[in-house]
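Trainee: heads up, no residue letters with this:
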């Protein structure tokens with residue numbers, strides 16, 4: 001007998017053949033699309049660099065950022081970045097070129113890695129106006145909000161201090177911060193663990209979609225019934241439906257009370273539609289939640305590594321009367337530490353799509369060219385900052401300060417030094433003096449981060465509550481791992497910090 005050939009049935013063979021052709025077509029389409037985008041970016045002769053695929057596989061995201069920073073320093077702050085995991089971009093690391101792209105040229109805001117935000121109406125003028133109004137209120141908010149947040153921070157810190165073996169502090173902070181965002185929205189803990197779980201699922205579903213190679217190459221792919229896009233839309237639907245219930249309960253129980261807990265939803269008109277209220281909730285929950293928690297984690301890490309700075313911060317925190325958010329937001333040394341953390345650990349990328357042809361540093365840039373930068377390229381550049389890899393809050397304090405190993409000098413109220421410090425750490429100045437300001441933690445222009453005030457106020461309040469009553473130390477000299485993916489390149493994990501009561 002002849003041996004039987006192990007061939008699948010004809011129908012299965014035809015289906016497999018169609019599937020293979022489909023995969024081949026997608027791969028060829030991706031290659032052609034990548035080549036078209038690459039030609040658009042590089043045909044003017046702009047210098048180019050590649051991201052090493054091994055660095056991506058190994059998760060060496062900080063090395064990638066530092067390598068790109070060095071490349072830009074060598075090419076006058078302008079270049080092109082090619083990545084095997086996504087489309088090519090024009091990148092810059094010069095304040096002058098950054099302003100040209102973000103302010104001086106008509107452009108459309110994209111997500112961090114160049115994928116347009118899939119949230120419908122996310123950048124509508126009405127929603128942005130409401131978002132900025134709600135965000136600005138926190139600086140002059142009622143004492144009730146101050147005490148509400150303080151109580152939440154106290155409970156969390158007591159729980160962390162009771163741990164016999166410190167776990168991953170970064171994970172604990174991220175899990176806890178959902179409660180803070182919900183507290184800001186609704187004013188009191190009216191949610192459940194289900195709410196937190198829905199927020200977490202939606203957050204990682206969005207990040208995974210933005211990191212998708214297919215969505216990067218073909219933006220329309222986010223509308224296809226793919227596994228990651230369907231999961232993302234399902235998590236959005238589940239959370240929005242859940243938020244409608246919470247907003248309805250808020251309107252019934254808290255709307256119209258003359259006295260009560262401050263909440264962001266109070267800043268919206270009762271006549272606004274439910275969809276608009278849910279949109280605001282979605283924006284306030286997710287815009288900046290990753291960058292803020294990463295910044296708080298890195299600030300804790302650097303303060304724990306520098307005992308001298310930690311004790312000076314403790315002294316400053318204990319001298320604070322704790323009367324308002326504004327008072328805490330203006331503590332000079334804490335403000336300097338916060339800004340230095342943002343300088344060293346720039347949390348997100350900035351993406352734009354140019355809408356007109358223009359010239360950048362002598363290079364012709366076509367219409368519809370993808371632009372991307374990370375403030376790391378400027379904040380860690382030797383061209384603009386002395387010892388850029390050294391954590392030195394004094395660069396945002398007195399001009400004569402040299403390093404952070406000395407005991408920081410705290411200015412007395414009303415003194416000349418306090419006036420100098422206040423001027424140098426002014427938000428508009430960005431803590432950098434000179435002809436070129438090279439500090440942009442929240443981007444620049446009309447599309448800069450609208451939640452920067454919320455981030456700074458709440459993050460600083462947490463640090464004051466921590467430093468007044470507790471001290472921190474790194475566990476056994478451990479070093480955190482860095483990076484989740486290219487969308488969130490400096491997200492810390494395995495960050496082990498012991499929090500102990502000062503008593």
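Mentor: Ah, there it is. Computed from a prediction, not measured in an experiment: that's the story for all the values here.
Trainee: Show me the strands in the stretch 401-503 of the chain, by range?
Mentor: Ranges of strands within the stretch 401-503 of the chain are 470-474, 481-482, 492-493, 497-501, based on DSSP state E, counting those that start in this stretch.
Trainee: Residue 377 is nearest to which of these?
Mentor: For these, the distance to residue 377 is smallest for strand 481-482, at 16.6 Å, taking Cβ to Cβ. For the C-beta atoms, the positions are set from N, CA and C on the backbone; glycine is no exception.
Trainee: For that closest one, which strands pair with it and how are they oriented?
Mentor: The strands beside strand 481-482 in its sheet (DSSP bridges) come out as strand 492-493 (antiparallel).
Trainee: Now do the same for the strand it pairs with: mean pLDDT, whole number.
Mentor: On average, the pLDDT along strand 492-493 is 90.
Trainee: Please enumerate residues in contact with it?
Mentor: 168, 170, 171, 294, 297, 298, 301, 480, 481, 482, 484 (Cβ atoms under 8 Å, 6 or more residues apart in numbering).
Trainee: returning to what we had before: return the most buried member of the strands of the stretch 401-503 of the chain.
Mentor: With neighbours taken as mean count of other Cβ atoms under 10 Å, the strands of the stretch 401-503 of the chain reach their highest mean count in strand 492-493, at a mean of 20.
Trainee: re the thing from before, nearest to residue 387 among the contacts of strand 492-493?
Mentor: residue 298 (17.5 Å).
Trainee: Chain neighbours aside, what residue packs nearest to the closest one?
Mentor: Of all residues not flanking residue 298 in the chain, residue 345 sits nearest, at 4.3 Å (Cβ to Cβ, 6 or more residues apart in numbering).
Trainee: ok, that neighbour - contacts?
Mentor: By Cβ under 8 Å, 6+ apart, the contact set of residue 345 is 294, 295, 298, 490.
Trainee: Pick out the most distant pair among those residues.
Mentor: Top of the distance list for these (Cβ to Cβ): 295 and 490, 9.7 Å.
Trainee: which residues do these two both contact?
Mentor: With Cβ under 8 Å, 6+ apart as the test, residue 295 and residue 490 both reach 345, 347.
Trainee: Would you map the helices across the stretch 201-350 of the chain?
Mentor: 213-217, 227-253, 274-286, 289-305, 307-318, 325-329, 332-344 (DSSP state H, counting those that start in this stretch).
Trainee: Checking my notes, residue 87 in a strand, right?
Mentor: Yes: assigned with DSSP: H, G, I helix; E, B strand; the rest coil, residue 87 falls within a strand.
Trainee: What strand or helix carries the nearest residue to it once chain neighbours are set aside?
Mentor: Of all residues not flanking residue 87 in the chain, residue 37 sits nearest, at 4.8 Å (Cβ to Cβ, 6+ apart). Element membership for residue 37, per DSSP states H and E: helix 10-42.
Trainee: If you count contacts, what does that helix end up packed against?
Mentor: Helix 10-42 sits against strand 78-83, strand 86-92, helix 213-217, with contacts defined as 3 or more Cβ pairs under 8 Å, 6 or more residues apart in numbering; DSSP states H and E.
Trainee: Out of these, indicate the one that is most buried.
Mentor: strand 86-92 (a mean of 25).
Trainee: what packs against that one?
Mentor: Counting contacts by 3+ Cβ pairs under 8 Å, 6+ apart, strand 86-92 packs against helix 10-42, helix 61-74, strand 78-83, helix 213-217, strand 370-374.
Trainee: What angle do helix 10-42 and the third one make with each other?
Mentor: In this structure, strand 78-83 runs at an angle of 170 degrees to helix 10-42, with axes from the mean of the first three to the mean of the last three Cα atoms, to 10 degrees as the basis.
Trainee: quick one: contacts of stretch 245-256?
Mentor: Contact with stretch 245-256 is made by 186-188, 190-191, 195, 260-261, 263, 265-266, 270, 274, 277-278, 281, as judged by Cβ under 8 Å, 6+ apart.
Trainee: Quick check on these: which are buried?
Mentor: Neighbour-count burial (16 or more other Cβ atoms under 10 Å) applied to these gives 186-188, 190-191, 195, 261, 263, 265-266, 277-278, 281.
Trainee: least confident pick among those residues?
Mentor: The minimum pLDDT among these falls on residue 261, with 63.
Trainee: Out of the helices and strands in the protein, which is least certain?
Mentor: Ranked by mean pLDDT, DSSP states H and E, the weakest helix or strand in the chain is helix 416-424, scoring a mean of 38.
Trainee: coming back round to it: where's the residue nearest to residue 87 relative to residue 102, distance?
Mentor: Counting by Cβ to Cβ, to the nearest Å, the separation of residue 37 from residue 102 is 21 Å.
Trainee: Help me confirm that the residue nearest to residue 87 comes into contact with residue 370.
Mentor: Yes: here residue 37 reaches residue 370: they are 7.0 Å apart, a contact under Cβ atoms under 8 Å.
Trainee: which regions of the stretch 51-200 of the chain lie under the pLDDT threshold?
Mentor: Where the stretch 51-200 of the chain drops to pLDDT under 70, the residues are 85-86, 106-144.
Trainee: ok, back up a step: for the contacts of strand 492-493, which single residue is the most surrounded?
Mentor: In terms of neighbours by other Cβ atoms under 10 Å, the contacts of strand 492-493 top out with residue 297 at 27 neighbours.
Trainee: any idea of the pLDDT on that one?
Mentor: 94.
Trainee: next one: the one 10 residues further on
Mentor: On pLDDT, residue 307 comes in at 94.
Trainee: Please apply the same query to residue 347.
Mentor: 75.
Trainee: Identify the residues contacting the closest residue to it other than its chain neighbours.
Mentor: Of all residues not flanking residue 347 in the chain, residue 291 sits nearest, at 3.5 Å (Cβ to Cβ, 6+ apart). Taking Cβ under 8 Å, 6+ apart, we find residue 291 in contact with 347, 348, 455.
Trainee: How far does stretch 385-396 stretch from one end to the other?
Mentor: Taking Cα to Cα, to the nearest Å, stretch 385-396 runs 11 Å from one end to the other.
Trainee: May I see the buried residues of that stretch?
Mentor: 385, 388, 391, 392, 393, 394, 395, 396.
Trainee: Then stretch 158-175?
Mentor: Here stretch 158-175 shows 160, 161, 166, 168, 169, 170, 172, 173, 174 as buried, counting by 16+ other Cβ under 10 Å.
Trainee: go on, stretch 323-338?
Mentor: For stretch 323-338, a neighbour-count test (16+ other Cβ under 10 Å) marks 324-325, 328-338 as buried.
Trainee: Name the nearest of those relative to residue 17.
Mentor: residue 338 (59.5 Å).
Trainee: Could you check the pLDDT of the closest one?
Mentor: Value for residue 338, per-residue pLDDT: 94.
Trainee: got the contact list for it?
Mentor: Residues in contact with residue 338, defined by Cβ under 8 Å, 6+ apart, are 295, 299, 456, 459, 460, 463.
Trainee: Could you find the closest non-adjacent residue to residue 344?
Mentor: Spatial nearest neighbour of residue 344, chain neighbours left out: residue 391 (6.0 Å); criterion: Cβ to Cβ, 6+ apart.
Trainee: and what of residue 455?
Mentor: Nearest-residue entry for residue 455: residue 292, 4.7 Å, with adjacent residues in sequence omitted and distances by Cβ to Cβ, 6+ apart.
Trainee: Next: residue 268.
Mentor: The nearest residue in space to residue 268 (Cβ to Cβ, 6+ apart) is residue 277, at 5.9 Å.
Trainee: Distance of that neighbour relative to residue 212?
Mentor: In this view, residue 277 and residue 212 are 30 Å apart by Cβ to Cβ.
Trainee: so who does the closest residue to residue 382 other than its chain neighbours touch?
Mentor: Counting by Cβ to Cβ, 6+ apart, the nearest residue to residue 382 once its immediate chain neighbours are dropped is residue 388, at 5.9 Å. Residues near residue 388 by Cβ under 8 Å, 6+ apart: 379, 380, 381, 382.
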